[in-house]
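[1] The following block contains a protein sequence and its predicted model.
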Amino acid sequence: MSERIVTMISKEEIDKRVHELGAEISDHYRANPPVLVCVLKGSFVFAADLARAIDAPVRIDFLGMRSYGEGTESSGVVQITQDLSRPIAGEDVLIVEDIVDTGLTIAHLIDLFRTRAPRSVKVCALLHKPARAKVQVKVDYLGFTIEDRFVVGYGLDWAEKYRNLPYIGVVERS
Ligand code: IMP
């Protein structure tokens with residue numbers, strides 16, 4: 001069986017949208033730069049580009065989460081594999097997610113962070129698949145709404161492959 005990746009969102013479209021999001025975030029947080037929380041592993045590419053598109057001295061931290069096994073269906077069980085390196089009490093936190101699918105990961109993170117007394121918690125996601133929502137979450141900054149397809153690239157994987165593609169694509173098997 002062979003696999004090929006069909007482009008859904010090109011590198012150029014992503015670059016343009018990431019810069020628009022960066023400008024919006026810079027405006028919103030002008031007085032108080034946020035802590036960007038990069039949710040690993042999938043958000044590492046998006047967070048790196050977004051951070052450089054933000055014109056403010058942000059702090060960056062990383063949180064490891066796992067909700068998928070080797071397949072394309074969320075296990076529904078959200079596990080923290082690596083916690084933040086510093087407290088977030090009194091901070092404006094901006095969670096940077098690759099994709100909001102069922103919404104379980106983000107809902108879990110928002111609940112967790114609220115117990116740590118930050119000043120605010122907002123969400124920036126590159127992609128949103130509303131058709132798959134199991135819980136409603138507010139995405140404050142959104143790159144693209146996409147249809148219900150399993151996508152790879154720009155940090156997103158399929159069984160740990162394809163994270164390094166510079167665009168978002170759909171895996172086709174024949
Ligand atoms: P949720 O908890 O169902 O919203 O899923 C969140 C996580 O599942 C994301 O951060 C991704 O790592 C992963 N995920 C969801 N949909 C996709 C997809 O289409 N491709 C790759 N990973 C996905």
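    Everything's here; your move. Numbers count the residues shown, from 1 in each chain.
[2] Keeping just the C-alphas, turn stretch 19-26 into CSV.
    Provided in CSV are the C-alpha atoms of stretch 19-26 (Å, rounded to 0.1, in the frame of the first residue of the first chain):
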residue,chain,number,x,y,z
HIS,A,19,1.4,36.7,10.6
GLU,A,20,-2.1,38.0,10.8
LEU,A,21,-2.6,36.1,14.1
GLY,A,22,0.7,37.4,15.4
ALA,A,23,-0.4,41.0,14.6
GLU,A,24,-3.7,40.5,16.4
ILE,A,25,-2.0,39.0,19.4
SER,A,26,0.6,41.8,19.6
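[3] contacts for it?
    34, 50, 52-56, 94, 124, 141, 143 (C-beta atoms under 8 Å, 6 or more residues apart in numbering). Quick note: C-beta positions are derived from backbone N, CA and C, even for glycine.
[4] do the same with stretch 99-115
    Residues from elsewhere that reach stretch 99-115, judged by C-beta under 8 Å, 6+ apart: 37, 39, 42, 63, 65, 67, 74, 76, 78, 80, 88, 93, 95, 97, 121, 123, 125-129, 132-137, 139, 151, 156.
[5] Show the subsequent helix or strand relative to the lowest-mean-pLDDT helix or strand in the chain.
    Within the chain, no helix or strand scores below strand 74-82, which has a mean of 77 by mean pLDDT, DSSP states H and E. Later in the chain than strand 74-82, the nearest helix or strand by DSSP states H and E is strand 92-100.
[6] Which strands border that following strand, and is each parallel or antiparallel?
    Paired strands of strand 92-100, with direction, are strand 35-40 (parallel), strand 120-128 (parallel) (DSSP bridges).
[7] Next secondary structure after it?
    Taking DSSP H and E, what comes next after strand 92-100 is helix 104-114.
[8] then that next one to CSV, C-alphas only?
    Extracted C-alpha coordinates of helix 104-114, given in CSV (Å, rounded to 0.1, in the frame of the first residue of the first chain):
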residue,chain,number,x,y,z
LEU,A,104,-11.0,17.5,25.2
THR,A,105,-7.3,18.5,25.3
ILE,A,106,-8.0,22.2,25.5
ALA,A,107,-10.9,21.8,27.9
HIS,A,108,-8.6,19.7,30.2
LEU,A,109,-5.8,22.3,30.0
ILE,A,110,-8.0,25.3,30.7
ASP,A,111,-9.4,23.5,33.8
LEU,A,112,-5.8,22.6,34.9
PHE,A,113,-4.4,26.1,34.4
ARG,A,114,-7.3,27.7,36.2
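[9] How about it and the ligand, touching?
    Yes - applying C-beta under 6 Å from any ligand atom, one finds helix 104-114 touching the ligand at 104-105.
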